[in-house]
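In: I need the structure of the sequence given here:
(2 chains)
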Amino acid sequence: MGRYDFKVPVGPQHPALKEPESFLLTMHGEKIAGMTVRLGYNHRGIEKACEAQTYIRDVYLIERVCGICSHSHATCFVQAVEEIAALEVPKRAIYIRTLIAELERIHSHLLWLGVAGHEIGFDTLLMYTWRDREVVMDVLAMLTGNRVNYGMNTIGGVRRDITAEQIPQVLKAVDTLEERTKYYIQVATEETTIIKRLSGVGMLSYDDAVKLGAVGPTARASGVDRDTRRDDPYAAYGELTFKVITDKHCDVYGRTVVRLGELMESYKMIRQLLANLPDGPVTVKAPRKIPAGEAFSRYEAPRGEDVHYVKANGTDKPERVKVRAPTLANVQVVAHMLKDGYLADMPIVVAAIDPCFSCTDRMVSVEDDYHSGKNIMTWPALRSAGIDWYRKRGIDFSDLNRRLRVPEN
Amino acid sequence: MANVFFNLLIFPGFLFVVVLGMAAEYVDRKFCAKLQNRVGPPWYQPFADLVKLVAKENIIPEEADAGIFKLMPIIAVTSIITAFFYIPLWQMKALFSFYGDLIVVIYLLTIPTLAIFLGGWYSRSVFSRIGATRAMTQFFAYEIPLFLSILAPAMLADSWSLSEITVFYSKHLWLSLLNSAGFAIALVALLGKLEKVPFDIPEAETEIVAGTFTEYSGRLLAFFRIAIDIELVVGSSLLAAVFLPFGLNLSFMPGFVLYLVKVLFIVALLSLLRTIFARLRIDQMINFCWKYVAPVAFFQLIVDLVVKGIIKQ
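Out: Numbering: from 1, shown residues only, chains lettered A, B, ... in the order given. The predicted structure follows:
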């Protein structure tokens, strides 16, 4: 810290952040010299709570991990449980799940565009996109009965069927949204002040995106051609034709272009889904007790790849549920993107990963060794102890390239 | 004597300008809301905000310099109202005028910015200080183009008195058309002075909370709010007097209505500008002002000087 440097606390409470999170910026004038992130203001212990409840109740709990991508988390969890129980989910149910997933992506990306506009002081964009977001929210409310936590998934299918009268209404809404999205693409790519504020801001090169493990639109805007929907098709994505949008700008502008492009792809997918909607039941009966086993489920949420791990032990309650929300993968890149940036760019760079802090929050428990008389480890000692622990097991983290050494036996 | 007090305190003095300021704020907010596809506030909203703020407790941070912290809002309001008296409104002549009042008005207009800077700086909060520094940095970028754009018409009119400039232009109405570039520059600079998007950098909400006003509350914040509202009216009136000098020899009622229309037109132009742009970064703002705005202002000055030479011959 230089002589004229000072610290600016952004968070835990700050107008730029929608959820409590602490970014302590070391400023050199208007430039950011360093940053410390502190997570943990929003930890809710959902993973632990899941172990105490039955699978069917867990679906509703997991749905509340995130307010925006609620369907993503629920589907991801349900897929894992269905895999363990070896359930054959009806085709129609899978199509309806995918339809809700794409509608959710539309509402999430439109929300993001508005938030991005607000962060760069362009409130008109916020008002317009959030007005149009109401169209898709109304569609979701019509199909599922809810605007946010849809409650559509259940183990073995979906809880509501789509009627023939609803299909033209959805298609009409999609037409409206497609037209408006074309207008936003025009605005975002032609309006001078937007381009000035977005291009060259929050740079993340291809190599850094791969190395730091970025996911979703953040990675795709750096040219990383990675999308779970295509690479590891789940639900009905294997039967749909769509493009994976990537961009070479590597900055916030690129992330905007990717999200807007994905909106256009989502409209195409919804039309395909509704045109080929198979007939049949929407659910199969699931056993109350899930046989012992474990499963790992991947899902491309609007913010990136969402991963759930479920371990069953033969009872009606899971033994372990692990949620890795996309923000956890992306939050690492924020510090990198902010390096040598301006204070004015901080809100939009943080917003550009579309963060959802409460989904991603982890807890750190600090045990008081002082009073128990044990030695307190210093941070470097703890670090080297950790490296040693892994080295004994054949994994060497001390190397920057993180090579994985295979044990010789 | 009683007449002077009436002029100073009620019409066209303090009371009138406060009411007009709130009306201008309402027009700005409502028009902006309509452009953004929102409903917008009811007509009494600026007044309700003022009443609410005045009724609230004044909180002065322990670390702040209490004297300067309390003084600055009052200085901002008084200086900006003083400037109002020297601007010709609906007649050829301002309430008070003397040779050189143009310079005085321009300097009185800068005082609120300085008051905002000092108030923010002595709040001792990190957000206020960043805001204050930004306000000052921005000030150096827009002030010179604003000064030049008003100086150019004065050069052509060959007078340093606002009233005489207005008299000159109402005689030679077509000459004021020459100053259209200056009008555009003055509008942009006024956006910077009023700290509105795209130049609301000193109070950028998503970056530095409320900037200079972060620590202000209650009556003191109300004073700053009034000062900014009045600044909107005074700035618009100045622009109307210099760049739209028509219809000034009408009788009182039509003249007064025409004046209101002119002011509200400029206010509406400002709100249109603040709806269609995103906020610039401070370095981009400085670049923009010195690369594009200042040269155009110089160009305006040269045009006026050349025209003046032609007229003299």
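In: C-alpha only now, for contacts and for neighbours.
Out: Noted.
In: What is the neighbour count of B:E205?
Out: B:E205 has 19 neighbours, counted by other C-alpha atoms under 10 Å in any protein chain shown.
In: ok, and the closest non-adjacent residue to it?
Out: A:P15 (6.5 Å; C-alpha to C-alpha, 6 or more residues apart in numbering or on different chains).
In: Quick check, that neighbour in contact with B:G211.
Out: No - in this structure A:P15 lies outside contact range of B:G211 using C-alpha atoms under 8 Å: 11.7 Å.
In: which residues touch A:E102?
Out: The neighbours of A:E102, taking C-alpha atoms under 8 Å, 6 or more residues apart in numbering or on different chains as the test, are A:S266, A:M269, A:I270.
In: Measure how buried the residue in the stretch 301-409 of chain A that chain B sits nearest to is and give me the count.
Out: Closest residue of the stretch 301-409 of chain A to chain B, C-alpha to the nearest C-alpha: A:A344 (6.0 Å). When neighbours are defined as other C-alpha under 10 Å, A:A344 has 23 of them.
In: again, but for B:G309
Out: By the criterion of other C-alpha under 10 Å, B:G309 has 11 neighbours.
In: per-residue confidence at it?
Out: For B:G309, the model assigns a pLDDT of 83.
In: how about low-confidence regions in the chain?
Out: Using chain A here. Applying pLDDT under 70 to chain A picks out residues A:1-2, A:363-376, A:396-409.
In: Not quite, go with chain B.
Out: Where chain B drops to pLDDT under 70, the residues are B:1, B:92.
In: Which residue would you name as the spatial centre of it?
Out: B:G235 (3.2 Å; C-alpha atoms, centre = their mean).
In: in what helix or strand does it lie?
Out: helix B:218-243 (DSSP states H and E).
In: Quick check: residues of the stretch 151-300 of chain A near chain B?
Out: A:T193, A:I194, A:K196, A:R197 (C-alpha under 8 Å from any C-alpha of the partner chain).
In: hang on, the last one in a helix?
Out: The reference is to A:R197. Yes - under DSSP: H, G, I helix; E, B strand; the rest coil, A:R197 sits within a helix.
In: How about the contacts made by it?
Out: Shown in contact with A:R197 (C-alpha under 8 Å, 6+ apart): A:I120, A:D345, B:A278, B:R279, B:L280, B:R281.
In: The closest residue to chain B within the stretch 151-300 of chain A is in what secondary structure piece?
Out: Nearest residue of the stretch 151-300 of chain A to chain B, counting by C-alpha to the nearest C-alpha: A:T193, 5.4 Å away. Taking DSSP H and E as the criterion, A:T193 maps to helix A:192-198.
In: going on from that helix, what's the next piece of helix or strand?
Out: Next along the chain from helix A:192-198, counting by DSSP H and E, comes helix A:206-211.
In: residue contacts, B:Y216?
Out: B:Y216 touches B:N58, B:I59, B:I60, counting by C-alpha under 8 Å, 6+ apart.
In: before we move on, what about A:D306?
Out: For A:D306, the contacting residues are A:S72, A:H73, A:C76, A:R298, A:Y299, A:E300, A:V323, A:R324, A:A325, A:P326, by C-alpha under 8 Å, 6+ apart.
In: which SSE is it in?
Out: For A:D306, the host element (DSSP H and E) is strand A:304-312.
In: That strand pairs with which strands?
Out: Sheet pairing of strand A:304-312 (DSSP bridges) gives strand A:293-301 (antiparallel), strand A:318-324 (antiparallel).
In: Rebuild those strands as CSV, extending it with mean neighbour count and distance to B:T110.
Out: Shown next, in CSV, are the strands paired with strand A:304-312 (neighbours: other C-alpha atoms under 10 Å in any protein chain shown; distance: least, C-alpha to C-alpha, whole Å):
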stretch, mean neighbour count, distance to B:T110
strand A:293-301, 21, 52
strand A:318-324, 19, 54
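In: which parts of the stretch 1-150 of chain B sit against chain A?
Out: The stretch 1-150 of chain B comes close to chain A at residues B:L35, B:Q36, B:N37, B:R38, B:V126, B:F127, as judged by C-alpha under 8 Å from any C-alpha.
In: mind checking which helix or strand the fourth one is in?
Out: By that I understand B:R38. Using DSSP H and E, B:R38 sits within no helix or strand.
In: for it, what are its contacts?
Out: B:R38 makes contacts with A:M127, as judged by C-alpha under 8 Å, 6+ apart.
In: what about it, distance to A:D58?
Out: Distance of B:R38 to A:D58, given as C-alpha to C-alpha, to the nearest Å: 40 Å.
In: A:Y4: how many residues sit nearby?
Out: Neighbour count for A:Y4, taken as other C-alpha under 10 Å: 8.
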